[in-house]
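Chemist: need a structure here:
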Amino acid sequence: MPENNVIAISPGAAAHAPPIFVDPASVRLEAEIDRVARATVHILLLGETGVGKELVARQIHERSTRRSRPFVAVNCAALSESLFESELFGHERGAFTGAVTATAGWFEAADGGTLFLDEIGELAPAMQAKLLRVIQEREVTRVGARVAKPINVRLVTATNVDLEQAIAVGRFREDLYYRIKVAALRIPPLRERPGDILPLARHFAALYASSPGPVHFSAEAEAALLRHGWPGNIRELENVIQAALVGLRTSLVTALDLRLSQRRGAAAPTDGRMDRLGGLLDELLGFDAPDLFGRVQHLLVARALAASHGNQMQAAASLGITRNVLRTLMQRYGLIGPPRRNS
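Modeler: All right, here's what the predicted structure looks like:
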């Protein structure tokens, strides 16, 4: 693999097939990816660490007219100022100590295709100025060279930094910001698309399983996955599943195997909402409302189902109960028909 956490994809190489994204937020994102992929403009991807920005960049490339040309991904945070020019723009033989051969930079390697610059918000001001010039002039000059080379590259950049705030404090160039943000996509964090959690977990389980047969999750494990806050997003989910499969002796992953209770974000944040709810219950108790327990329980179940778009496993996880208990309550309150009996 190339140095400096850089990944180069050869022309025509197929990107890894994406997992199945079924949450409504992901469906909307898919439509946005299709829309911007058909254009030829530079794109800025915004989102927290671990949400899958490189996956989105690859999908933009694969759905564009440049799909038969190279896709090159570069982690800007791994580039020092001393290496920035030679890595991105290339260098001639003898340009500096150790430059024994002429080498093309990542812009030249991506010519005709897509160059993905991750963590662009981490670039130092001097590096930003040099990048801006290349984008404006559409040509690169290798270190030690006197003649510039024209390039035809579609730029996709990504950051988890608030670039507008960085501009306000002088840490990011405003002119570069508008050059890279012709179109922008916000990738929602995993907690905002809970419908993707279980399909992704199954995808990673199939990817990392050492046994030939399929891996399954217990009901408690699925509930734990849905209940977790996922501050590290898809990357954290992948690591959790991969760790759970290490030494797994059966084909069933349990909640204990996931060890989510030991990770940050396992519990929901506390605030004054429970206190406000308690105040409302005090008022209802003061009015001596008939069958208050059943009415509140009915409302809880109905609201949890509505919030999860009818996903019973997700609704059960949000209430802290099993799916079987949820189905019993749904039958009790007429939210589902009685169980079928075998003839």
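Chemist: mind giving me the domain ranges of this structure?
Modeler: The chain breaks down by automatic domain parsing into domains covering 7-188, 197-262, 273-332.
Chemist: Let me know the average pLDDT across the first one.
Modeler: It stands for domain 7-188. Here domain 7-188 scores 87 as its mean pLDDT.
Chemist: from the chain's centre, how far out does it sit?
Modeler: For domain 7-188, the separation from the chain centroid amounts to 17 Å (computed by Cα atoms, centre = their mean, to the nearest Å).
Chemist: Output the domains of the chain in CSV; the columns should cover mean neighbour count.
Modeler: Using the backbone N, CA and C atoms, a C-beta is placed for each residue, glycine as well. Output for those, formatted as CSV (neighbours: other Cβ atoms under 10 Å):
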stretch, mean neighbour count
domain 7-188, 17
domain 197-262, 17
domain 273-332, 14
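Chemist: how about residue 103, what does it touch?
Modeler: 86, 90-91 (Cβ atoms under 8 Å, 6 or more residues apart in numbering).
Chemist: Pairing partners for it in the sheet, please.
Modeler: Residue 103 forms beta bridges with residue 91, as assigned by DSSP bridges.
Chemist: And it, how far from residue 95?
Modeler: Distance of residue 103 to residue 95, given as Cβ to Cβ, to the nearest Å: 9 Å.
Chemist: Common neighbours of the two, please.
Modeler: By the contact definition Cβ under 8 Å, 6+ apart, residue 103 and residue 95 are jointly contacted by residue 86.
Chemist: Geometric centre of this structure: which residue is closest?
Modeler: The geometric centre of the chain, computed from its C-alpha atoms, lies nearest to residue 51 (Cα atoms, centre = their mean), at 1.6 Å.
Chemist: tell me the secondary structure for that residue?
Modeler: Of the three states, residue 51 takes coil under DSSP: H, G, I helix; E, B strand; the rest coil.
Chemist: check contacts around it.
Modeler: With Cβ under 8 Å, 6+ apart, residue 51 has these contacts: 187-190, 233-234.
Chemist: What about these, which are in strands?
Modeler: In strands, judged by DSSP state E, none of those are found.
Chemist: Identify the farthest-apart pair in the residues you listed.
Modeler: 188 and 234 (11.0 Å; Cβ to Cβ).
Chemist: contacts for the helix or strand where residue 129 lies?
Modeler: Assessed by DSSP states H and E, residue 129 sits inside helix 125-137. Residues outside helix 125-137 that contact it (Cβ under 8 Å, 6+ apart): 42, 79, 81, 84-85, 88-89, 107, 123, 140, 148, 151, 155, 171-173, 175-176, 179-180.
Chemist: Alpha carbons of it, as PDB, please.
Modeler: Extracted in PDB, the C-alpha atoms of helix 125-137 (Å, rounded to 0.1, in the frame of the first residue of the first chain):
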ATOM      1  CA  PRO A 125      -2.400  27.800   5.100                       C
ATOM      2  CA  ALA A 126       0.600  27.500   2.900                       C
ATOM      3  CA  MET A 127      -0.600  24.200   1.600                       C
ATOM      4  CA  GLN A 128      -4.000  25.600   1.000                       C
ATOM      5  CA  ALA A 129      -2.600  28.400  -1.200                       C
ATOM      6  CA  LYS A 130      -0.700  25.900  -3.400                       C
ATOM      7  CA  LEU A 131      -3.800  23.700  -3.700                       C
ATOM      8  CA  LEU A 132      -5.900  26.700  -4.700                       C
ATOM      9  CA  ARG A 133      -3.500  27.600  -7.500                       C
ATOM     10  CA  VAL A 134      -3.600  24.100  -9.000                       C
ATOM     11  CA  ILE A 135      -7.500  24.100  -8.900                       C
ATOM     12  CA  GLN A 136      -7.600  27.500 -10.600                       C
ATOM     13  CA  GLU A 137      -5.000  26.900 -13.200                       C
END
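Chemist: Since that was my last question, I'll sign off now.
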